[in-house]
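*Asks:* build me a model:
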Amino acid sequence: MTGDNVRCHSPGCCLTKDNKLIVTDCSNKKLKRINLDTMSVEDYCKLDDNPNAICCTDVKEVAVTYYSPGRIQFVSIQHKMSPTRQIKLPHTCYGITSKNDKLYVTDNGSSLYVYNMTGTLLNTITSNNSGTSLFSRSRHITFNENGDKMFVGDGNKGLVCFDGAGNYLSTSSDNDLQGADGVCVDGYGNVFVVGCNSHNVVQYNEDGKKIGVIVQQQDGLCNPISVCFHQELNRLFVTMASNNVVKMYELE
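*Replies:* Residues are numbered from 1 along each chain as shown. Next up, the predicted model:
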C-alpha cells in the first residue's frame with residue numbers, strides 16, 4: 001500500500017463471511033482487507049502494535065494477537081475497520097482461533113491456552129496423558145468444519161491433532177514439512193499446513209495422515225507462514241514472510 005514504511009510481513013490471514021480476505025501486516029502495524037473481486041486492498045486500519053495471527057470471532061469482528069507483551073486486540077470489521085477492546089494476557093501470544101465463544105491461543109512455545117471471550121483462563125494444554133510435551137514451537141490453530149477436531153502447527157514437531165475438547169490425538173511429522181506454521185481446513189476432511197522452511201503446503205486428512213505436497217517452492221512459495229481456504233472458489237491463500245505478495249492457488 002501507499003504509505004507502508006517497510007516490506008510487508010503477514011503472519012496471519014482469514015476470510016470473512018462476506019468473502020473478504022483480511023491479512024495482518026506485522027511490519028507496518030496494519031490490518032488490510034482485500035476485495036477478492038478486484039484483488040486490491042479496499043480498507044485498512046492502523047494498530048498500536050505488531051499484529052501476528054488473526055481469526056474471525058463473528059461476522060462483525062476479528063481478533064488479532066500481539067506477541068509481547070501478550071495481548072488480544074479485537075477489531076470491528078463493519079464498514080471501516082477499527083480497533084475496539086483489548087485483553088492483556090500473562091504470556092506471549094502467536095496463533096489464535098475462536099470456537100463456541102472460546103479463544104484458543106498459542107505462545108510460540110510449549111503451550112496452548114483456552115480463554116473465554118473476556119480473558120478468563122479456562123484451560124492450558126502442554127502435554128499428553130503420559131506427561132510428554134506436545135509443543136516446542138506452537139504456531140497457528142484451526143478447527144475442522146464440525147468442531148470435533150483441532151489442529152495446531154508446531155514449528156518443530158509438525159501437525160498436532162486434538163479432539164474438539166482439547167484431548168490429544170496424534171502428532172504428524174514428516175521430512176516434507178519443515179517449520180510447520182499456518183494451518184487451515186477445506187470443509188471436506190482435508191487439512192493444509194504450510195512449511196516455512198520447506199517452502200511448501202502439505203495436505204493431510206483429519207486423522208493426521210499425510211496425503212501429499214500440493215504446493216512447492218517452484219510454484220512460487222518462499223517461507224510461507226499462514227494459509228486460509230476459500231470453499232466457494234476452491235482456492236488457497238498463502239502469505240509469506242517479509243513479502244508484499246499473497247499467493248492464491250486453485251485446487252484441482
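*Asks:* ranges for the strands of the stretch 151-252 of the chain?
*Replies:* 158-163, 168-172, 180-185, 190-195, 200-205, 210-215, 224-230, 235-240, 246-250 (DSSP state E, counting those that start in this stretch).
*Asks:* apart from its chain neighbours, what residue comes closest to residue 137?
*Replies:* residue 155 (3.4 Å; Cβ to Cβ, 6 or more residues apart in numbering). Bear in mind the C-beta positions are built from the backbone N, C-alpha and C, glycine included.
*Asks:* and the one you found, how far from residue 122?
*Replies:* Going from residue 155 to residue 122 by Cβ to Cβ, to the nearest Å gives 25 Å.
*Asks:* that older thread, identify the residues contacting the residue nearest to residue 137.
*Replies:* With contact taken as Cβ atoms under 8 Å, 6 or more residues apart in numbering, residue 155 is in contact with 108, 136-137, 139, 179-181, 196.
*Asks:* please repeat the previous calculation with a cut-off of 10 Å.
*Replies:* Contacts of residue 155 were listed using Cβ atoms under 10 Å, 6 or more residues apart in numbering, and they are 94, 108, 135-139, 178-181, 195-197.
*Asks:* could you dump the strands of the stretch 151-252 of the chain to CSV with distance to residue 36?
*Replies:* What follows is the strands of the stretch 151-252 of the chain, written out as CSV (distance: least, Cβ to Cβ, whole Å):
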stretch, distance to residue 36
strand 158-163, 27
strand 168-172, 31
strand 180-185, 16
strand 190-195, 18
strand 200-205, 19
strand 210-215, 19
strand 224-230, 8
strand 235-240, 9
strand 246-250, 9
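*Asks:* can you tell me which of those is nearest to residue 29?
*Replies:* strand 235-240 (16.1 Å; Cβ to Cβ).
*Asks:* how far is that closest one from where the chain is centred?
*Replies:* With Cα atoms, centre = their mean, to the nearest Å as the basis, strand 235-240 stands 11 Å off its chain's centre.
*Asks:* swap in stretch 216-226?
*Replies:* Remark: stretch 216-226 is offset 16 Å from the chain centroid, using Cα atoms, centre = their mean.
*Asks:* do the same with stretch 80-91
*Replies:* 17 Å.
*Asks:* got the buried residues for that stretch?
*Replies:* Buried residues in stretch 80-91, counted by 16 or more other Cβ atoms under 10 Å: 81, 87, 89, 91.
*Asks:* average pLDDT across that stretch?
*Replies:* Per-region confidence: stretch 80-91 scores 98 on mean pLDDT.
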